[in-house]
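> My questions are about this predicted structure, shown below with the sequence.
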Amino acid sequence: MDDRELLRKLFAAAVNAADAKTAIRKHLPRPPQDGRTVVVGAGKGVAQMAQALEELWEGEISGAVVTRYGYGCTTRTVEVLEASHPVPDLAGLAAAKRMFDLVSGLSTQDLVIALICGGGSALLPAPPPGIVLADEIRLNEILLASGAPISEMNVVRKHLSTIKGGRLAAATKARVVSLVVSDIPGDNLALVASGPTIPDPSTRHDALRVVQQYSMPLPSKMAEFLQSPAADAPDPRDSTFSDHQHFIVASAGVSLEAAARTAEGYGLRPQILSDSIEGEARDVASVLAAIAREVARHGRPFDRPAVLLSGGETTVRLRSAGGRGGRNGEFALAFAMAIDGFSITALAADTDGIDGSEENAGAFVDGTTAKRLKIAGLDGRELLDSNDSFSGFAAIDDLFITGPTGTNVNDFRAIIIR
């Protein structure tokens with residue numbers, strides 16, 4: 001088996017460890033004795049979560065969840081809505097309203113099961129009064145281009161929304177149980193999908209700090225709104241949330257451990273570096289490439305043959321308009337430039353199957369990638385400068401394409417060193 005095929009197996013092990021049915025089974029809440037059970041939710045893997053919950057739940061269940069276009073699946077009683085990601089649209093606006101309609105009339109006898117996973121922030125646009133969808137779309141573009149970590153982006157999002165930051169849970173009298181597939185480094189569940197059902201202590205002043213730190217050119221109405229008390233999100237200490245519960249049902253850490261076990265079965269020495277790496281994708285690539293070269297040259301700090309595993313969520317600061325590719329492609333291209341000539345093979349991919357806005361999950365690289373790009377008439381450095389990793393990997397047939405995986409525990413990186 002060649003190393004690329006082995007990397008595919010490691011990725012599959014990571015994704016399978018986050019399988020919705022396996023993950024949810026362990027965290028099913030107790031059904032209400034007399035009331036209804038209503039499901040709401042959002043994210044790129046939420047349709048599969050709803051399908052799994054239907055199969056596992058004993059009793060009647062209804063509701064609706066929203067996922068990205070093309071990411072739906074067949075369900076019986078929980079409706080699957082679709083909307084745009086990563087740029088919000090009118091369908092997402094309607095989905096957010098539907099969530100409020102589903103929970104607002106419930107009583108203390110009822111149960112809300114909230115299914116939350118990565119991607120929910122863009123899929124649930126709900127701008128506050130005086131701000132329109134076009135403003136929220138612009139906000140999303142600004143955040144994605146800022147280079148800010150996802151956790152910081154979501155602090156801003158939840159203070160410019162009427163559904164995020166626990167506001168959806170605050171709109172119901174029912175008991176709320178949130179089942180969360182975490183794509184946030186550190187697994188702060190209140191930040192996954194900007195926490196529609198889970199409040200956190202961050203304030204509008206924290207949001208303003210992030211805006212200032214990353215020089216975000218917010219639309220004027222949004223900047224003004226953040227200055228007002230109306231932007232304050234619910235306090236997690238409020239009695240409204242006293243009987244609410246939330247559980248991690250899958251995370252990057254669990255997936256990396258599954259990949260490590262698979263690697264051992266093929267004679268590799270797995271080393272999990274971290275499940276919560278953040279930072280500029282090309283900077284992370286530079287650090288991991290330096291470690292990989294050290295292992296390749298000197299067998300330190302790890303013995304060969306080794307596989308270095310890591311997760312988290314890197315970011316990309318846009319340097320040019322018109323480039324194609326996501327953060328994993330950016331990582332892979334920078335990594336390829338730094339391992340030119342070495343016996344190293346790597347995969348960087350998003351566990352949801354889509355890296356950025358293109359069709360690929362990520363890309364393969366090895367010690368010949370830089371040379372093969374040159375043969376194809378391309379310069380890796382120029383591609384990096386134009387944020388155009390997709391074009392480079394497409395030209396040399398190194399894209400990693402999986403289609404939607406039905407889960408999302410963020411970035412997956414595996415580096416094999418012989």
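On my side now, so go ahead.
> For the helix ranked longest in the chain, name the packing helices and strands.
When the chain is parsed with DSSP state H, its longest helix is helix 281-298. Contact partners of helix 281-298 among helices and strands, from 3 or more C-beta pairs under 8 Å, 6 or more residues apart in numbering; DSSP states H and E: strand 269-280, strand 306-315, helix 327-338, strand 344-350, strand 411-417. Glycine gets a C-beta too; all of them are placed from N, C-alpha and C.
> one more time with 6 Å
Using 3 or more C-beta pairs under 6 Å, 6 or more residues apart in numbering; DSSP states H and E, the elements in contact with helix 281-298 are strand 306-315, helix 327-338, strand 411-417.
> ranking those by burial, who's on top?
Of the helices and strands packed on helix 281-298, the one with the most neighbours on average (mean count of other C-beta atoms under 10 Å) is helix 327-338, at a mean of 28.
> Give me the residues contacting it.
281-282, 285, 289, 314, 316, 348-350, 355, 362-363, 365, 369-370, 380, 384, 389-390 (C-beta atoms under 6 Å, 6 or more residues apart in numbering).
> likewise stretch 352-363?
So stretch 352-363 is contacted by 44, 324-326, 328-329, 332, 348-350, 390, 393, 398-405, 408 (C-beta under 6 Å, 6+ apart).
> Buried only: go through these for me.
Using 16 or more other C-beta atoms under 10 Å as the burial test, the contacts of stretch 352-363 include 44, 324-326, 328-329, 332, 348-350, 390, 393, 398-400, 402, 404-405, 408 as buried.
> Quick one: list the elements packing against the helix or strand encompassing Glu257.
For Glu257, the host element (DSSP states H and E) is helix 252-265. Other elements packing on helix 252-265 under the criterion 3+ C-beta pairs under 6 Å, 6+ apart are helix 3-17, strand 269-280, strand 306-315.
> Helix 281-298 and the second one, what's the angle between them?
When axes from the mean of the first three to the mean of the last three C-alpha atoms, to 10 degrees is applied, the directions of strand 269-280 and helix 281-298 differ by 150 degrees.
> Can you tell me the strand partners of strand 269-280 and which way each runs?
strand 306-315 (parallel) (DSSP bridges).
> For the partner strand, which outside residues touch it?
By C-beta under 6 Å, 6+ apart, the list of residues contacting strand 306-315 from outside reads 147, 150, 185, 252, 256, 259, 263, 268-278, 281, 284, 295, 327, 331, 410-411, 413-417.
> Please, a ChimeraX command that selects the buried ones among those?
Only the buried entries of the contacts of strand 306-315 go into this ChimeraX selection, using 16+ other C-beta under 10 Å:
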select :147,150,185,252,256,259,263,268,269,270,271,272,273,275,276,277,278,281,284,295,327,331,410,411,413,414,415,416,417
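> Going by neighbour count, list what's buried in the helix-or-strand element of the chain with minimal mean pLDDT.
Across the helices and strands of the chain, mean confidence by mean pLDDT, DSSP states H and E is lowest for helix 20-25: a mean of 86. Residues 20, 23-24 are the ones in helix 20-25 that count as buried (16+ other C-beta under 10 Å).
> can you list the domains in the chain?
19-250, 252-417 (automatic domain parsing).
> The first one spans what distance, first to last residue?
Read it as domain 19-250. Terminal residues of domain 19-250 are spaced 8 Å apart (C-alpha to C-alpha, to the nearest Å).
> centre of the chain versus it, how much separation?
Between the centre of domain 19-250 and the centre of its host chain there is 13 Å, according to C-alpha atoms, centre = their mean, to the nearest Å.
> coming back round to it: mean pLDDT and distance to Ser62 added to the helices and strands packed on helix 281-298, as JSON lines?
Below are the helices and strands packed on helix 281-298 laid out as JSON lines (pLDDT from 0 to 100; distance: least, C-beta to C-beta, whole Å):
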{"stretch": "strand 306-315", "mean pLDDT": "94", "distance to Ser62": "33"}
{"stretch": "helix 327-338", "mean pLDDT": "97", "distance to Ser62": "37"}
{"stretch": "strand 411-417", "mean pLDDT": "97", "distance to Ser62": "34"}
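> Now the ones you listed in CSV, please, with extra columns for distance to Arg36.
Output for the helices and strands packed on helix 281-298, formatted as CSV (distance: least, C-beta to C-beta, whole Å):
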stretch, distance to Arg36
strand 306-315, 36
helix 327-338, 41
strand 411-417, 38
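> For Ala12, which of the ones you listed is the nearest?
Among the helices and strands packed on helix 281-298, strand 411-417 comes nearest to Ala12, with 10.4 Å by C-beta to C-beta.
> quick one: contacts of the longest helix of the chain?
Contacts of helix 281-298 (C-beta under 6 Å, 6+ apart): 277, 302, 306, 314, 316, 327, 330-331, 334-335, 338-339, 342, 344, 415, 417.
> Relative to Ala395, how far out is Ile375?
10 Å (C-beta to C-beta, to the nearest Å).
> okay, these two: which has more neighbours?
Neighbours were counted for Ile375 and for Ala395 using other C-beta atoms under 10 Å; Ala395 has more, 16 against 10.
> Name the nearest residue to that one, ignoring sequence neighbours.
Residue nearest to Ala395 in three dimensions, not counting chain neighbours: Ala376, with 4.7 Å by C-beta to C-beta, 6 or more residues apart in numbering.
> With Gly392 instead?
Closest residue to Gly392 apart from its sequence neighbours, by C-beta to C-beta, 6+ apart: Leu383 at 4.4 Å.
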